[in-house]
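Asks: Predicted model follows, preceded by the sequence.
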There are 2 protein chains.
Amino acid sequence: MADHLAISDVARVFGLRTSAIRYYEQIGILPSPMRKNGRRRYEKSVLFRLAVVQRARESGFTLDEIRQLFFGFHPATLPPKRWHELSERKIAELRIRMKQLKLMETLLKQMRDCRCNALEECGEKLLSKSSKERVRARRD
Amino acid sequence: MADHLAISDVARVFGLRTSAIRYYEQIGILPSPMRKNGRRRYEKSVLFRLAVVQRARESGFTLDEIRQLFFGFHPATLPPKRWHELSERKIAELRIRMKQLKLMETLLKQMRDCRCNALEECGEKLLSKSSKERVRARRD
DNA sequence: CTACGACTTCAAGCTGACTTTAAGTCAAAG
DNA sequence: CTTTGACTTAAAGTCAGCTTGAAGTCGTAG
C-alpha cells in the first residue's frame, strides 16, 4: 500500500499477468522500479505509461516499435526529430491498415449477403484490382 | 506452362515463398492440387482463393479464422447460418479495430505536435477514459 | 517456529506462421 | 551420362510475446 503499488496491483489494473510486467521491464518498456526487500514498488505514473503501451498494442504496434516511439530516445531533452519521423511513418501505416480493414469489411458483407460462390468472384476482383494498383505504381 | 501453374508461379504472384504455399495446403487453406510427376500443378482458380486469403491476412485474420470463414464448411451446399454468424462477429471486430486505429492516430498526432512530456499526460487521459467506459458498460 | 502467500530470478517452454535443412526425385541441357 | 535446377518430403528451427517451472526469499498469521 503506502501510495506505492505492488506488481500484482499494476497487473490487475490492465488485466495482465505479473510475468508480462516483468517482461516489459526486461525489454526496456517499463523502468525498473525501486525495490523494498527485493520487491518491485511502483509509482502511479507507471499506470499512465502502461495505458499508452496497451493502446499501442491494441493498435497493432510491436513492442519494439513502442519502445522506439515512446521510450526510444535519450533522457528527455532533445531530438524530437527522430520521434517526428517515426510517428509520421506510423500514422501513414495506420491509414493503410484502415483502408484494408474497410475493404475486408466490404468483402465480408458481400459474402454474407450474397449466396453463391462469392469467394472466387471476390478473389477475381481483388486480383484485377491489385494488378491495376501495380500499373498505377509503375506510373508514379 | 500448359495452362497450369507450378508452385513457384503461384508463389511469385503473391510474393510468397513456395514453402508458404505448401504450408497453406498442409493446414487446409489451399486444396491439394493434382500432381504431375509428383509435382503440384495449379489451376488459375487458386489465385482467386489466395487473393482472398491474402486480403484477410492483411486485415488481421489468423489462418485459423480464414479457414473457418472461407473454407470451414462442407462441400458447397447448405449451412450459411454458421457462416453468417462468423462473418457478423468478424465485421463487428473490424469496426472495433478501426476505432482503435483512429484513437491511436489521434494519440500519435498529439505526441507529434505537442512538445513536452505528452506521454504521461496521454496515458492519464487514456486511463480516465477507459474507466469512464467501464462505467458506461456497467450501465448497459 | 512453521506455514503461507506473494514475491524474486533464471531458464525453458509455448503458439502462430512460416522457413530452413537434409535427403531424395525428375527432366532437360551440355 | 552427368549436372543443374526446380521440385518433393519430414522434421527441426525461428521470431515475437509472453508463460511456466523450479528453487529460493520475505513477513505476517497462527
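Replies: Perfect, I can see it now.

Asks: In chain A, where is pLDDT below threshold?
Replies: Regions of chain A meeting the criterion pLDDT under 70 cover residues A:1-2, A:72-83, A:114-119, A:130-140.

Asks: how about the residues of it near DNA strand D?
Replies: With the criterion set to Cβ under 7 Å from any atom of the strand, chain A comes near DNA strand D through A:16-17, A:19-20, A:22-24, A:37-38, A:57, A:62-64. Bear in mind the C-beta positions are built from the backbone N, C-alpha and C, glycine included.

Asks: run the last query once more with 6 Å
Replies: Listed as neighbours of DNA strand D in chain A under the rule Cβ under 6 Å from any atom of the strand: A:17, A:19, A:20, A:23, A:37, A:38, A:57, A:62, A:63, A:64.

Asks: Of these, which pair is most distant in space?
Replies: Maximum pairwise distance in the residues of chain A next to DNA strand D, criterion Cβ to Cβ, is 34.6 Å, between A:37 and A:62.

Asks: returning to what we had before: closest to chain B among the residues of chain A next to DNA strand D?
Replies: residue A:57 (9.8 Å; Cβ to the nearest Cβ).

Asks: Tell me which residues touch that closest one, please.
Replies: The neighbourhood of residue A:57, defined by Cβ atoms under 8 Å, 6 or more residues apart in numbering or on different chains, consists of A:63, A:66.

Asks: What's the first helix or strand after the host helix or strand of it?
Replies: Residue A:57 is located in helix A:45-58, with elements delineated by DSSP states H and E. Counting by DSSP H and E, the element after helix A:45-58 in chain order, helix or strand, is helix A:63-71.

Asks: Going by neighbour count, which residues in the following helix or strand past that next one are buried?
Replies: Sequence-wise, the next helix or strand downstream of helix A:63-71 (DSSP H and E) is helix A:80-113. By 16 or more other Cβ atoms under 10 Å in any protein chain shown, the buried positions in helix A:80-113 come out as A:83, A:86-87, A:90, A:94, A:97, A:100-101, A:104-105, A:107-108, A:111-112.

Asks: chain center to helix A:80-113, what's the gap?
Replies: Helix A:80-113 has its C-alpha centroid displaced from the chain centroid by 12 Å (Cα atoms, centre = their mean, to the nearest Å).

Asks: quick one: is that helix near chain B?
Replies: Yes: residues of helix A:80-113 contacting chain B under Cβ under 8 Å from any Cβ of the partner chain: A:80, A:83-84, A:87-88, A:90-91, A:94-95, A:97-98, A:100-105, A:107-109, A:111-112.

Asks: Having no further points to raise, I will conclude here.
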